[in-house]
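Student: Okay, predicted coordinates and the sequence, questions at the end:
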Amino acid sequence: RQTKKYETLCANRNVALLIHDFASDVDHDAENVKSGGRARFSITLNGVVREEQGALAEQYRQLHLRQNAEYAQFIIGPDNAIITVEIMRCRVCDIN
């Protein structure tokens, strides 16, 4: 919680998340265009963040830890918040 990112999320709870299924490495740009007939998508999710508290936060924390035990230092600790995003809008773009 002692980070610029946390401060920013507290000050402005509106967020955009970008999800894509294409290579983000510049050396693989050609692969993105020549997808062999496979569609390539970029999805933008807009939503509002919330810091979870109490039992729900602990439930999410334990679930996250089970799936990512090697990153426990980012999941467990008094300075690590559990943040969820309520999705308000979604936009899908096919780059082909």
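Tutor: Nice, thanks for sending it over.

Student: How about residue 21, nearest residue that isn't a chain neighbour?
Tutor: residue 41 (5.6 Å; Cβ to Cβ, 6 or more residues apart in numbering). Using the backbone N, CA and C atoms, a C-beta is placed for each residue, glycine as well.

Student: Tell me who's in contact with that neighbour.
Tutor: 20, 21, 22, 92, 93, 94, 95 (Cβ atoms under 8 Å, 6 or more residues apart in numbering).

Student: ok, residue 88 - how many residues close by?
Tutor: By other Cβ atoms under 10 Å, 11 other residues sit near residue 88.

Student: If you could redo that for residue 43, that was the one I meant.
Tutor: A count of neighbours around residue 43, defined by other Cβ under 10 Å, yields 13.

Student: how far out from the middle of the chain is stretch 84-96?
Tutor: In terms of Cα atoms, centre = their mean, to the nearest Å, the centre of stretch 84-96 is found 12 Å from the chain centre.

Student: coming back round to it: put together JSON lines for the contacts of residue 41, with distance to residue 12, neighbour count and secondary structure on each row.
Tutor: Formatted as JSON lines, the contacts of residue 41 follow (distance: Cβ to Cβ, whole Å; neighbours: other Cβ atoms under 10 Å; DSSP: H, G, I helix; E, B strand; the rest coil):
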{"residue": "20", "distance to residue 12": "24", "neighbour count": "14", "secondary structure": "strand"}
{"residue": "21", "distance to residue 12": "28", "neighbour count": "13", "secondary structure": "coil"}
{"residue": "22", "distance to residue 12": "28", "neighbour count": "16", "secondary structure": "coil"}
{"residue": "92", "distance to residue 12": "25", "neighbour count": "10", "secondary structure": "strand"}
{"residue": "93", "distance to residue 12": "24", "neighbour count": "10", "secondary structure": "strand"}
{"residue": "94", "distance to residue 12": "30", "neighbour count": "8", "secondary structure": "strand"}
{"residue": "95", "distance to residue 12": "29", "neighbour count": "13", "secondary structure": "coil"}
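
Student: Greatest separation within those: which pair is it?
Tutor: Largest separation among these by Cβ to Cβ: 22 and 92, giving 13.3 Å.

Student: Where does pLDDT dip in this structure?
Tutor: Residue ranges of the chain with pLDDT under 70: 23-26, 28-39, 95-96.
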